[in-house]
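In: Build me a model:
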Amino acid sequence: MTFRPSTFRFDAMAIAMLAAVITFLAATPASAQPSPECNEDDVPMNYSLYYEDYKIESWSTSLPYLKWIINCAPGFPGNNDRNYERLVDVFEGLALTTEDVDMASAYMDSAVTMHDIAPEALTEAGIEVDLFDWVFAKGRFIQKHAGPLEALQPDLGTIYREAYELDHTRLQNYYINFIIADYVRKDMKSDAVDFMDVVEGDFADNAEVMGTIEQWRGQLFTSPEERMGFLESQIEKNPEDADLKAELLQLYMDEGIRDMAYELADEVMTSSPTGRLYRTVAKMRLDDGDTEEAIRLYEESLEMEGGQEAAREVYFNIGIAHQQEGRLASARSQFRRAIEADPTYVQALIAIGDLYQTAVQGCGTFEREDRAVYWLAADYFDRAAARAENDAFANQARQRRQQIQRFFPTAEDKFFKNWNPGDRYTIDYGCYTWIGETTTVR
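Out: Numbers count the residues shown, from 1 in each chain. Presented below is the predicted three-dimensional model:
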């Protein structure tokens, strides 16, 4: 890799933006600051110094050296944008760990600012950048930190719309719905209609997205209260109209009017039962903590309507219900059935990995043998990332894996247990007897 100091100056474009961040850097002891001069021979050393602290989430000690890398070798070592991504992580970590409210706000602002600065700075440094990734990540970051970044929440619709324009094929139905809802909240209904016209052209063959568009077209120019009143009056005139009742039921559920939703659901399930309706009501029961009724409805739904999509949804949610009741072995059985129904359903693989983390937390000792369970959880996250056909699920699995890596057995743990990398190790002891799976010593 050719050494090329970045033409972007971190000090001028980021740190100078935020007085609080300047204060932090000024407070860093001189002995902890790397030399400000860019020297090719110093690149590996400064990278190693920041990365070792970054891995253990020592954000404050990582930042000066990461700042040097951003200034002098922003793409080192892979000529990619990973250092900028980590800079966002560092500012986020600093914001979440400081007790100073003003500093926390400044760090959060810095993290958001990096999403704007990084693409141009990296491009100027000769590093290829996926602009969609950075725009989309900015929206997700702001949405994730809705409390501290409350003032930026109104910008989310615009950010996701920009991402849509960059590459609509990578934006999920959730975000398309979010953009439309944002236009409606801002009373920009004509813009919502124009956007829906664009979406219809782009996603004409996508049933899920088209369903969202149809739903919005049916309620765009009326409030939920107005729509509910209209549907109720129509049902009085046409008491046998199942479609009207189904739409009203969905509105009741969306608006959290649970008593009326359950009452209408019982009526509709009696008069016009469908597998989809049963699954919809089952999900509502599950969300309300009525797990046994949710399981019953899910199981009955399969008797009415089978198919891969229905089966994987049913088994997955029954697994969630068992997990909520602490029945981890039963939950895993259902997640496995979801995978059997659809091997590409990586949500179930992620769920099993999460299940094993829950098992460790339930056992409570966190000894060496407990830590080994995290290897098995990582196996499932790795499988999910490898199988995922959707970038969002792949990234979710990778993030899960990264989050638990710090809990892996240490070198000392492996020494005392005589565990050697590559050895097979079975999790079937103590309160993990029910697991009975084999993993690999890392």
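In: mind listing the strands for the chain?
Out: Ranges of strands in the chain, per DSSP state E, are 424-427, 437-440.
In: Among those strands, which comes closest to Gln219?
Out: strand 437-440 (47.5 Å; C-beta to C-beta). Every residue, glycine included, has its C-beta placed from N, CA and C.
In: Which pLDDT value goes with the closest residue in space to Arg258 that isn't next to it in sequence?
Out: If the residues on either side of it in the chain are set aside, Arg258 comes closest to Asp288, at 6.9 Å by C-beta to C-beta, 6 or more residues apart in numbering. Each residue has a pLDDT score; the one for Asp288 is 90.
In: pretty sure Asp288 is touching Asp259, no?
Out: No: checked against C-beta atoms under 8 Å, the pair Asp288 and Asp259 is beyond contact range at 11.3 Å.
In: Compare the strands of the chain and report which one is nearest to Leu96.
Out: Among those, strand 437-440 sits nearest to Leu96 (C-beta to C-beta), with 31.1 Å.
In: low pLDDT regions in this protein?
Out: In the predicted model of the chain, residues 1-33, 35-36, 218, 220-222, 230 satisfy pLDDT under 70.
In: please redo it, this time with the cut-off set to 50
Out: 1-2, 7-31 (pLDDT under 50).
In: hmm, back to that, looking at the strands of the chain, spot the one closest to Leu376.
Out: Closest among the strands of the chain, once you apply C-beta to C-beta, is strand 437-440, at 4.2 Å.
In: Buried residues, the closest one. List them.
Out: By 16 or more other C-beta atoms under 10 Å, the buried positions in strand 437-440 come out as Glu437, Thr439.
In: cool, and stretch 187-205?
Out: Buried, per 16+ other C-beta under 10 Å, within stretch 187-205: Asp191, Ala192, Phe195, Met196, Val199, Phe203.
In: how much space between the last one and His168?
Out: What it means is Phe203. Per C-beta to C-beta, to the nearest Å, Phe203 is found 8 Å from His168.
In: Same question for the fifth one.
Out: Here the distance between Val199 and His168 works out to 8 Å (C-beta to C-beta).
In: care to break the chain down by domain?
Out: As assigned by automatic domain parsing, the chain contains the domains 10-214, 345-442.
In: Output these as TSV; include the columns distance to Leu231.
Out: Listed next are the domains of the chain as TSV, based on distance: least, C-beta to C-beta, whole Å:
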stretch	distance to Leu231
domain 10-214	16
domain 345-442	33
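In: Figure out which of those domains is closest to Thr270.
Out: It's domain 10-214; of the domains of the chain, that one is closest to Thr270 (C-beta to C-beta) at 25.2 Å.
In: Tabulate the buried residues of stretch 187-205 (JSON lines), appending distance to Glu150.
Out: Below are those laid out as JSON lines (distance: C-beta to C-beta, whole Å):
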{"residue": "Asp191", "distance to Glu150": "24"}
{"residue": "Ala192", "distance to Glu150": "24"}
{"residue": "Phe195", "distance to Glu150": "25"}
{"residue": "Met196", "distance to Glu150": "28"}
{"residue": "Val199", "distance to Glu150": "28"}
{"residue": "Phe203", "distance to Glu150": "32"}
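In: between these, which is nearest Pro34?
Out: So of the buried residues of stretch 187-205, ranked by how close each gets to Pro34 (C-beta to C-beta), first place is Phe195, at 47.4 Å.
In: Gln143 touches Leu156, doesn't it?
Out: Yes: applying C-beta under 8 Å as the test, Gln143 and Leu156 come out as touching, 5.9 Å apart.
In: Among these two, which residue is more densely surrounded?
Out: Leu156 (20 against 16; other C-beta atoms under 10 Å).
In: ok, that one - contacts?
Out: Gly139, Ile142, Gln143, Phe178, Asp182 (C-beta atoms under 8 Å, 6 or more residues apart in numbering).
In: show me where the stretch 251-400 of the chain has helices.
Out: 258-271, 275-287, 291-304, 308-324, 328-341, 346-363, 368-387, 391-404 (DSSP state H, counting those that start in this stretch).
In: quick one: which of those helices is nearest Arg217?
Out: helix 275-287 (20.4 Å).
In: what residues are up against Asn317?
Out: Contacts of Asn317 (C-beta under 8 Å, 6+ apart): Arg279, Ala282, Lys283, Leu286, Ala294, Tyr298.
In: The same query, at a cut-off of 10 Å, please.
Out: Arg279, Ala282, Lys283, Leu286, Thr291, Ala294, Ile295, Leu297, Tyr298, Gln334, Ala338 (C-beta atoms under 10 Å, 6 or more residues apart in numbering).
In: Same question for stretch 266-282: list its buried residues.
Out: So for stretch 266-282, counting by 16+ other C-beta under 10 Å, buried means Val268, Met269, Gly275, Leu277, Tyr278, Arg279, Thr280, Val281, Ala282.
In: about what we covered before: reformat the helices of the stretch 251-400 of the chain as CSV; add distance to Asn46.
Out: Below are the helices of the stretch 251-400 of the chain laid out as CSV (distance: least, C-beta to C-beta, whole Å):
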stretch, distance to Asn46
helix 258-271, 57
helix 275-287, 49
helix 291-304, 53
helix 308-324, 45
helix 328-341, 44
helix 346-363, 34
helix 368-387, 30
helix 391-404, 23
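In: hmm, back to that, among the domains of the chain, which is nearest Ala246?
Out: domain 10-214 (12.8 Å).
In: in the protein, which helix has the most residues?
Out: Looking across the chain with DSSP state H, the single longest helix is helix 101-124.
In: For that helix, buried residues please.
Out: Result for helix 101-124 [16+ other C-beta under 10 Å]: buried residues 103-115, 117-119, 121-122.
In: Please name every helix or strand in contact with it.
Out: Helix 101-124 makes packing contacts with helix 10-13, helix 19-27, helix 59-72, helix 82-97, helix 131-144 when contacts are defined by 3 or more C-beta pairs under 10 Å, 6 or more residues apart in numbering; DSSP states H and E.
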